[in-house]
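Trainee: coords please:
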Amino acid sequence: MLVAPCCTVLLRKPSQSCNHRALGRALVPLQHPAASCIYRIHRRANYSDPMLVFILLQVYVNGTLVGGSDSLTSQIADGSFQQLLAQPSSSPALPQQLQQAVAAAAPKAEEAASAESSSTQQLPSDLQQLLAALSDPHTGVKRQRKSANATPSFTGKELLDWLVQHGSSSSTGRSSAAATAQKLLEVNVITLISHKQPAAADVVMHDDNSHSYAMRSEAVGAVPWGQALNTHYWWGPSAARPAEVVAEDLRGRILRLYDKHLSRDGRSVSYKGLKADPGFWEYVDATAELQRVSLSGMSREALMCFAINLYNALVIHALVVHGPEQYKSTTGRLGFFSKAAKYNIGGSDYVLDDLENGILRGNRPAASSIGMLLKLPQLSKGPFKASDPRAAHVVSPVDPRIHFALVCGAKSCPPIKLYSPDTLEEGLSGAAEAFIVSDVEVDRSARKVHLSKIFSWYYPDFGSDKAERLKFLLQYLPERPRQDLQQMLAADPSARGITVQHKTYDWDINAADE
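Mentor: Numbers count the residues shown, from 1 in each chain. Below is the predicted model:
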């Protein structure tokens, strides 16, 4: 959004129908504050790059709509736009209704813009210039691909050779080049290529041909099945921010993606739209910081939000990268939850089952374990052994309402929401109420209660016996079914005569574009 003294231009993302290149050329000779502002916006947006272009959608002068980019270009050409700008007027640039909309949207736009700042934007100007030169496909450091899907790479020696040759002064030596290269590693502009996660102390610049490196911006975001999805590049030697800060950063990025690609009711996702959205791949890059976070010291509420939000994002991340085909069969889903959908967090791998059954369920057996299937949970164990460092970071006691917050990618799952530690209680209560109101049916005359399969798969979380599990529903049911269930339980306190039937679970993918 750009507001100039007498001319306002509303901006949006690129449209093939807009001749923004011609518009930029037309504005060059126009020496007017509003026009120069328009031209500078285009230059900053780099309209040679289709992913970064911003174009003119609507132009207002003195509260009157001039038109879109085509109209503006035409009026600039015949001189009528200059005449309109020259007319004295006390009217504001935008009509009152649009002014109010702009004022309401401005804080959110500023918040989003500040949160989306990338690591390259935070670099000092000299390193930004160096990065641009390094990345140049013609004169930058030469990169090689070992296979068609591999990340382009170069050796440490090749990088130092290039830095010495292209140093800012003739006195640039090997040691100075090595120091510069180490800075690039520390800010994650370049990354060490390794088959396993290197320790922070081992992420150094080696002046040889046996260690390979890559531009982080060129790292292939889609990793093979079974590899942690946030290890498309290794985080450098610098420490990660506190887990709560990283979680909030990722939460903000996810929220902006949900705003664009999640249905209004939260029950379907545009996976194709996400895959084509640069913001999704920026989120993927941001998840690499999880490799070095520590979960120590997180409050119960912060750890719960961290695991819930990450679980829901990880499902989407895996479905975008790997596609939905494996998800469509029972065996495929088992592999999806226990192998493919995986993040490296603090140096340890966490699959979806680990986030749910390990962290959020206090290290309890998975629903697919033998013990849970036989309704004898004591026969099975949780995913974390006693010696596993991940066992130190689990939520206890279990809050059964997490099951109405976790979204596994199926149509029968609850709606997707984001959770914050400050409002977690309200968020989980709202999620539980919304799910139970829409999914639970009480038939007093038949003495039957119809429930989601979730209540069968995770039955120990909702109570020690049938009566306790039915009582859990009372606090969230609407008045009429609540009264019916209360009367049924009053007449049959053990609930032995109450039949509980679990609905068929719809495992079809929750895709809006399938």
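Trainee: What segments of the stretch 51-200 of the chain are strands?
Mentor: Applying DSSP state E, counting those that start in this stretch to the stretch 51-200 of the chain gives strands spanning 55-61, 64-67, 154-155, 190-192.
Trainee: The stretch 251-400 of the chain now?
Mentor: Under DSSP E, counting those that start in this stretch, the stretch 251-400 of the chain gives strands at 342-345, 348-351.
Trainee: so which of the ones you listed gets nearest Gln96?
Mentor: strand 342-345 (48.0 Å; Cβ to Cβ). No exception for glycine: its C-beta is placed from N, CA and C like everyone else's.
Trainee: who touches the closest one?
Mentor: 197, 226-231, 287, 290-291, 293, 295, 310, 314, 318, 349-352 (Cβ atoms under 8 Å, 6 or more residues apart in numbering).
Trainee: Can you tell me which of the residues you listed are buried?
Mentor: With neighbours counted by 16 or more other Cβ atoms under 10 Å, the contacts of strand 342-345 contain buried members at 197, 228-231, 287, 290-291, 293, 295, 310, 314, 318, 349-352.
Trainee: and the strands of the stretch 51-200 of the chain, which one's lowest on average pLDDT?
Mentor: Among the strands of the stretch 51-200 of the chain, strand 55-61 has the lowest mean pLDDT, at a mean of 57.
Trainee: From Ala367, how far out is the closest residue to Tyr311 other than its chain neighbours?
Mentor: Once flanking residues are discounted, Tyr311 sits nearest to Leu355: 4.6 Å by Cβ to Cβ, 6 or more residues apart in numbering. Counting by Cβ to Cβ, to the nearest Å, the gap from Leu355 to Ala367 is 14 Å.
Trainee: and Trp162, what does it touch?
Mentor: By Cβ under 8 Å, 6+ apart, the contact list for Trp162 reads 134, 140-142.
Trainee: picking that back up, the more surrounded of Leu355 and Ala367?
Mentor: Counted by other Cβ atoms under 10 Å, Leu355 and Ala367 do not tie: Leu355 has more neighbours, with 26 against 19.
Trainee: Might one say that the more buried one is in contact with Leu314?
Mentor: Yes. Judged on Cβ atoms under 8 Å, Leu355 makes contact with Leu314 at a distance of 7.2 Å.
Trainee: As TSV, the strands of the stretch 51-200 of the chain with mean neighbour count and distance to Gly332 would be great.
Mentor: Output for the strands of the stretch 51-200 of the chain, formatted as TSV (neighbours: other Cβ atoms under 10 Å; distance: least, Cβ to Cβ, whole Å):
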stretch	mean neighbour count	distance to Gly332
strand 55-61	21	42
strand 64-67	14	52
strand 154-155	21	38
strand 190-192	25	32
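Trainee: quick one, which of these is nearest to Met488?
Mentor: It's strand 55-61; of these, that one is closest to Met488 (Cβ to Cβ) at 58.8 Å.
Trainee: circling back to that earlier point, show me the contacts for the residue nearest to Tyr311.
Mentor: Counted by Cβ under 8 Å, 6+ apart, Leu355 has contacts 307, 310-311, 314.
Trainee: repeat that for 10 Å
Mentor: 306-308, 310-312, 314-315, 337, 341-343, 345, 361, 383, 406 (Cβ atoms under 10 Å, 6 or more residues apart in numbering).
Trainee: How about Arg292?
Mentor: So Arg292 contacts 197, 200, 234-241, 243, 246, 344-347 (Cβ under 10 Å, 6+ apart).
Trainee: out of the residues you listed, which are buried?
Mentor: 197, 200, 234-237, 240, 243, 246, 344-346.
Trainee: I'd like to know which of the residues you listed are part of helices.
Mentor: Counting by DSSP state H, the buried ones among the contacts of Arg292 place 243, 246 in helices.
Trainee: what about the longest helix in the protein?
Mentor: Every helix in the chain considered (DSSP H), the longest is helix 300-322.
Trainee: Going along the chain, name the helices of the stretch 351-500 of the chain.
Mentor: In the stretch 351-500 of the chain, helices defined by DSSP state H, counting those that start in this stretch lie at 352-353, 370-373, 424-439, 454-457, 466-474, 479-491, listed in chain order.
Trainee: For the second one, the averaged confidence score.
Mentor: It stands for helix 370-373. Here the average pLDDT along helix 370-373 is 95.
Trainee: Output the below-cut-off pLDDT ranges for this structure.
Mentor: Residue ranges of the chain with pLDDT under 70: 1-58, 68-70, 94, 97-98, 100-122, 168-172, 513-514.
Trainee: let's go with 80 and repeat that
Mentor: The chain contains residues with pLDDT under 80 at 1-74, 82, 86, 88-123, 167-172, 326, 513-514.
Trainee: From Asn309, how far off is the spatially most central residue of it?
Mentor: The chain has Ile254 as the residue nearest its centroid, 3.5 Å off, counting by Cα atoms, centre = their mean. Here the criterion is Cβ to Cβ. By it, Ile254 lies 7 Å from Asn309.
Trainee: Spit out the residues that contact these two alike.
Mentor: The contact sets of Ile254 and Asn309 overlap at 416, 418 (Cβ under 10 Å, 6+ apart).
Trainee: Provide a list of residues in contact with Pro400.
Mentor: 361, 428, 432, 454-455, 458-463, 469, 472.
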